[in-house]
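# Okay, sequence plus prediction incoming.
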Amino acid sequence: MRKLLFSILAFAVSFSLQAASERPNVLFIAVDDLKPVLGCYGNPIVKTPNMDRLAARGVLFERAYVNQAVCSPSRNTLMLGLRPQTLGIYDLPTHFRDVYPDAVTMSQTFMKNGYRAEGIGKIYHAGKGNHNDELSWSVPHWTPKSDTYSNPANAAPSKGKKGAPTEAEDVPDITYQDAKTAEEAINRLKKAKQDPAQPFLLMVGFSKPHLPFVAPKKYWDLYKSSDFTLPDRRTAPDGAPSYAPTSSKEVMGYVGVPQELPLPDELGLKLIHGYYAAVSYTDAQIGKVLDALDAEGLSKNTIIVLWGDHGWHLGDHGMWCKHTNYEQATRIPLLFAGPGVAVDKKSQSLAETVDIYPTLMQMTGQQIPSGLEGMSLVPVLADPSKPTKDHVLSVYPRSKRIGRAVRTERYRLVEWKVPGEAPETAELELYDYEADPQETKNLASEKTEVVKELRAMLAKYPEAKPQVPSPAPQEASTKKKKKKSEDDGE
Ligand SMILES: [Ca+2]
């Protein structure tokens, strides 16, 4: 009882302090398919001066993970504060609003509490079956208009097909959509400056380094092809279930990419170079937005978040793209800066996408809605040495099985099971990152005590919901789309 009373008092005090001062704005930067290939994460090759200077202004999470390594479910988790296995949406075609018409998104909560919420660029899943959600924004969502390629020779040969996997033309930044998104973000910040009475949540979504790796030549020229090598481990982990790796079908959809693995070394190295070039291009656009925030005098009272929607297999295990429960697909960059955040610190505490919604609620003095599945990271933002939780979760479906993964500081266990079937029918993977950071060997049959401990953690959560049926209008094509979405989707 005393504890409860103390919590209520602590909340009342923090809320009144918040109300007494100006409520902070939030600039949320979402980057599509960005793994922690960043200078501030210790990568010695990549050139990311702008994300690095953002990290120097705040707290960087070394152990941040996404809840499912593919666009739409990951973004649902961000905006709804619920895990994919709770929503039962693992695929790309299913729009959360069709299944949960009364869902209240993070930005809706901001609006309810007096904020203006604006979304530009890729926040929800884009492309075919665009998932924008008009209820989420105070003004209509804005999408940049731009051709994917500057050189028509690289374009898709026909509608519904993909073009070249890379492009390195000598063109200005504004040729591609992310520079347009940055330009629009700067316009929005200028307008926000004119209306200081209403705090804002501005969500800015950049679409690179998602495939195809198109970036102006000057960003390719930041690197020499000799800077890159292929990963040491280019086969699946020993003893992994045959279905656990991604088939890398997404990259195989681009012109000239062979239809089977392994990809030729020369192509693999070019893809890595292209990924780095696209990261540097996006970094430059982020820099323009950060400069505008400073120039408008908004930095002091604006919380900045940088988030990658999932990681990427850049040839490790012979895999390309995302769509797995492994480390390279699930580990993400996560940075916070601004009021209430320690400066130039790195935290080793575990964090996951589902934590962002409650964190931003608390940082802005809003009550955390009941039922959210994450925890507020506010204590660790103030003191990065504070612990958060002893595990995070990710999930990925394969055929009828759903792989639920639990990642602790040292281990990852994946339990592959058909929902509703008995626990002993599960196939298991266990990796020990202290002894085997490259995930070369499934240790599930050797370390049975660790398996037992980690399965007990998973058993505290409800069974994963099977994929909900896609909405009726799409029924005819659902079967094909669902199959595609497992390891081919955007
Ligand atoms: Ca993505």
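Everything's here; your move.
# Check this structure for the residue nearest the ion and tell me.
residue 71 (3.8 Å; Cβ to the ion). C-beta here means a position set from N, CA and C on the backbone, and glycine is covered the same way.
# for that residue, what are its contacts?
When the contact criterion is Cβ atoms under 8 Å, 6 or more residues apart in numbering, the partners of residue 71 are 32, 92, 125-126, 309-310, 489-490.
# how does it look with 6 Å?
Counting by Cβ atoms under 6 Å, 6 or more residues apart in numbering, residue 71 touches 125, 309, 490.
# how close does it sit to residue 33?
8 Å (Cβ to Cβ, to the nearest Å).
# what do you get for residue 347?
Residue 347 sits 23 Å away from residue 33, going by Cβ to Cβ.
# which residue sits closest to the residue of the chain closest to the ion, ignoring its sequence neighbours?
Nearest residue to residue 71 in three dimensions, chain neighbours excluded: residue 125, at 4.8 Å (Cβ to Cβ, 6 or more residues apart in numbering).
# Thought residue 131 was touching that neighbour, still the case?
Yes - with contacts counted by Cβ atoms under 6 Å, residue 125 reaches residue 131, the gap being 4.2 Å.
# hmm, back to that, ok, the contacts of residue 71 vs residue 48, which is closest?
Nearest to residue 48, judged by Cβ to Cβ, of these is residue 309 at 17.1 Å.
# so that closest one touches residue 76, yeah?
No - judged on Cβ under 6 Å, residue 309 makes no contact with residue 76 at a distance of 10.6 Å.
# Which residues lie in contact with the closest residue to residue 41 other than its chain neighbours in this structure?
Of all residues not flanking residue 41 in the chain, residue 333 sits nearest, at 6.5 Å (Cβ to Cβ, 6+ apart). Contacts for residue 333 (Cβ under 6 Å, 6+ apart) come out as 34, 36, 38, 308.
# Just among these, which is most surrounded?
In terms of neighbour count, residue 34 stands highest of those at 29 neighbours, by other Cβ atoms under 10 Å.
# hmm, back to that, model confidence for the residue nearest to residue 41, exactly?
Residue 333 carries a pLDDT value of 98.
# Against residue 298, how distant is it?
Taking Cβ to Cβ, one finds residue 333 at 23 Å from residue 298.
# So for residue 125 and residue 131, which residue has more residues nearby?
Taking other Cβ under 10 Å, residue 125 and residue 131 do not tie; residue 125 has more neighbours (26 against 21).
# which stretch of helix or strand covers that one?
Under DSSP states H and E, no helix or strand contains residue 125.
# Keep only the contacts of residue 71 that also lie close to the ion.
Among the contacts of residue 71, proximity to the ion is found for residue 309 (Cβ under 5 Å from the ion).
# need the residues of the stretch 1-150 of the chain near the ion, please.
The stretch 1-150 of the chain comes close to the ion at residues 32-33, 71, as judged by Cβ under 5 Å from the ion.
# With pLDDT and secondary structure added, can I get the residues you listed in CSV?
Formatted as CSV, those follow (pLDDT from 0 to 100; DSSP: H, G, I helix; E, B strand; the rest coil):
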residue, pLDDT, secondary structure
32, 98, coil
33, 98, coil
71, 95, helix
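# Downstream of the helix or strand bottoming out on mean pLDDT in the chain, the next helix or strand is which one?
The weakest-scoring helix or strand in the chain, judged by mean pLDDT, DSSP states H and E, is helix 2-20 (a mean of 42). Using DSSP H and E, the next helix or strand after helix 2-20 towards the C-terminus is strand 25-31.
# Grab the nearest non-local neighbour of the residue nearest in space to the middle of the chain.
Residue closest to the mean C-alpha point of the chain, counted by Cα atoms, centre = their mean, is residue 309 at 1.3 Å. Spatial nearest neighbour of residue 309, excluding adjacent residues (Cβ to Cβ, 6+ apart): residue 74 at 4.6 Å.
# ok, back up a step: among the contacts of residue 333, which are in strands?
Counted as lying in strands by DSSP state E, out of the contacts of residue 333, are residue 308.
# Of the contacts of residue 333, which pair is most distant in space?
Comparing every pair within the contacts of residue 333 by Cβ to Cβ identifies 38 and 308 as the most remote, at 9.2 Å.
# Who does residue 304 form a beta bridge with?
residue 27, residue 337 (DSSP bridges).
# ok, it - how many residues close by?
22.
# Please apply the same query to residue 342.
Around residue 342 there are 17 residues (other Cβ under 10 Å).
# Could you tell me whether residue 348 really is in a helix?
No - Residue 348: not assigned to a helix; according to DSSP: H, G, I helix; E, B strand; the rest coil it is strand.
# Not counting its neighbours along the chain, what's nearest it?
Excluding the flanking residues, the one nearest residue 348 by Cβ to Cβ, 6+ apart is residue 62, at 5.4 Å.
# where does the one you found land in three-state SS?
Reduced to three states by three-state DSSP, residue 62 is strand.
# Quick check: closest non-adjacent residue to residue 268.
residue 315 (5.0 Å).
# same question but for residue 146, I mixed them up
Nearest non-adjacent residue to residue 146 (Cβ to Cβ, 6+ apart): residue 177, at 4.0 Å.
# burial count for the one you found?
When neighbours are counted by other Cβ under 10 Å, residue 177 comes out with 21.
# Now do it, the pLDDT please.
At residue 177, pLDDT is 97.
# That one: what's it in contact with?
If you count contacts by Cβ under 6 Å, 6+ apart, residue 177 has them with 144, 146, 207.
# Could you tell me the phi and psi values at residue 290?
Main-chain dihedrals, residue 290, degrees, to the nearest 10: phi -60, psi -40.
# give the contact list for it.
With Cβ under 6 Å, 6+ apart, residue 290 has no contacts at all.
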